[in-house]
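Undergrad: requesting a structural model of the entry that follows:
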Amino acid sequence: MTEQAERYDRIAAGYARWWAPIIAPAALTILDEVADAVEAGATRILDIGTGTGTLSIAILRRWPQVRVTGIDASAGMIEMAGAEADRLLPPAARNRLQLRVAFADDMPVTGGSFDLAVSSFVLQLVPNRFLALREAHRALAPRGRLAYVTWLADDRAFAPDADFDAALDEVGVGAREWDDRPGDVPSVDGAINQMRRAGFADVRASEAVLHHPFDVEGYLRFMTAFDEEDLVTEMEPDVRRRFEASLRRRLERRTQGELTLRLPTVTARGVRR
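TA: This next block holds a predicted model:
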C-alpha cells in the first residue's frame, strides 16, 4: 500500500463530508464530455480513482444501460463509495456498480475490456501519470474513450490560508510548511502532449476554474474538522480556543470574493488508437 492510499484510508469519512461536495461540480462536467460516447453505444465504463463514488453514481443515475467498475487505491474510499451507492442508488442501479481496490498504474483488468474510462481529481496523485494513462489505454477497447479532470498548476494564494497561518503564529504554533503540489498538470498543452505520448488520438483539453464560496464558519470548520484536523486536535484546549478566535477575527475582515476558493482545472479527453 502506498503512502497516498494509507492517507486516504484515514481521511475517507472527512473527504466524503467536506471535500467531495466542493469538487463535485467540476467532477461532474466529465459526464457531458462522455455523453456522445455513451449515446453511441459505450456501456462498459471504468472509473479510475472513484473516491467516494461521485462520478460512478452520477453515471449510473443518468444512463440505465451502462455498467461501471470503480477502482481506488484506498480501501477506505472504496468503502465510502459503496456506502454512498447504497444510499443514493436503487437496487437495480446499485447492481450495475462494481467497486475494487486497485492502483491506477496497475489495474487488474483485462486489456480492451472497457468502452469508456473516466477519472476526476486523481491523476495529480498517482506516482507516474504517464504510466496511469498507458494503463487506461490498455484497459480500453479500440476506439474507447478516456476523459479526465484534474488540477492545473497555479501559484495564486488563497487569502484565508494566509489567515490560518497568521493565527497559528499568533498562538505560538508556527505557520505550516507548504509543498508545491508537484503532481498538478503544468499546462493544457502539457495535458494534450502526455495523452498523445500515452497512445491516445483526437486529444482535446481545456481549462476551467472551480469556484467555491466559503463563509467564515464554513472555512473554519473545513480546516479544523478536515484539512488540518490533525494539527488542530493536537493543540491544548486553551490554545485551540485562542487560535480559532484569532482565525475567525481575521476571516471576518475578508470580502466574499476573498473567501471564494478558485482553483484552475484541466479537462482532457482522447480516443484509444
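Undergrad: how long is stretch 65-84 from one end to the other?
TA: Stretch 65-84 has an end-to-end distance of 20 Å (criterion: Cα to Cα, to the nearest Å).
Undergrad: now it: mean pLDDT?
TA: Here stretch 65-84 scores 97 as its mean pLDDT.
Undergrad: list the buried residues of that stretch.
TA: By 16 or more other Cβ atoms under 10 Å, the buried positions in stretch 65-84 come out as 66, 68-74, 76-82, 84. For the C-beta atoms, the positions are set from N, CA and C on the backbone; glycine is no exception.
Undergrad: and what of stretch 13-31?
TA: 15-16, 18-20, 22-24, 26-31.
Undergrad: residues of the one helix or strand in the chain whose mean pLDDT sits lowest that come out buried?
TA: Across the helices and strands of the chain, mean pLDDT, DSSP states H and E gives its lowest value to helix 3-14, namely a mean of 87. Buried positions in helix 3-14, judged by neighbour count with 16+ other Cβ under 10 Å: 5, 8-9, 11-12.
Undergrad: and what of stretch 53-62?
TA: 53-60.
Undergrad: where does the stretch 1-150 of the chain have low pLDDT?
TA: Within the stretch 1-150 of the chain, the set of residues satisfying pLDDT under 70 comprises 1.
Undergrad: could you rerun that using 80?
TA: For the stretch 1-150 of the chain, the stretches with pLDDT under 80 are 1-4.
Undergrad: ranges for the strands of it?
TA: Here the stretch 1-150 of the chain has its strands, by DSSP state E, counting those that start in this stretch, at 44-48, 67-72, 97-101, 114-120, 140-151.
Undergrad: with distance to A166 added, can I get those in JSON lines?
TA: Compiled in JSON lines, the strands of the stretch 1-150 of the chain are given as follows (distance: least, Cβ to Cβ, whole Å):
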{"stretch": "strand 44-48", "distance to A166": "39"}
{"stretch": "strand 67-72", "distance to A166": "36"}
{"stretch": "strand 97-101", "distance to A166": "40"}
{"stretch": "strand 114-120", "distance to A166": "33"}
{"stretch": "strand 140-151", "distance to A166": "25"}
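Undergrad: and V271, which of those is closest to it?
TA: strand 140-151 (5.7 Å; Cβ to Cβ).
Undergrad: quick one: which of the buried residues of helix 3-14 is nearest to V188?
TA: Closest to V188, out of all of those and judged by Cβ to Cβ, is Y8, at 27.2 Å.
Undergrad: for that closest one, give me its contacts.
TA: 15, 72-74, 76-77 (Cβ atoms under 8 Å, 6 or more residues apart in numbering).
Undergrad: re earlier: out of the buried residues of stretch 13-31, which two sit at the greatest distance?
TA: Of all pairs in the buried residues of stretch 13-31, the most separated under Cβ to Cβ is W18 and L31 at 23.0 Å.
Undergrad: returning to that earlier point: and the buried residues of stretch 13-31, which is closest to R272?
TA: I30 (16.9 Å).
Undergrad: who's G70 bridged to?
TA: Beta-bridge pairing of G70 under DSSP bridges involves D47, L99.
Undergrad: one more: S206?
TA: Under the criterion used (DSSP bridges), S206 bridges to T267.
Undergrad: distance check, it against I57.
TA: Going from S206 to I57 by Cβ to Cβ, to the nearest Å gives 24 Å.
Undergrad: V271 too?
TA: From V271 to I57 the distance is 25 Å (Cβ to Cβ).
Undergrad: spatially nearest residue to G82, not counting backbone neighbours?
TA: L99 (5.5 Å; Cβ to Cβ, 6 or more residues apart in numbering).
Undergrad: you'd agree that neighbour is up against I78?
TA: Yes: in this structure, L99 is within contact of I78 by Cβ atoms under 8 Å, at 5.0 Å.
Undergrad: which residues are common contacts for the two?
TA: Counting by Cβ under 8 Å, 6+ apart, the residues touching both L99 and I78 are 50, 70, 72.
Undergrad: just those now: which is nearest P91?
TA: For these, the nearest to P91 is G70 (17.4 Å; Cβ to Cβ).
Undergrad: tell me the contacts of that closest one?
TA: G70 neighbours (Cβ under 8 Å, 6+ apart): 47, 50, 53, 55-56, 78, 81, 97-100.
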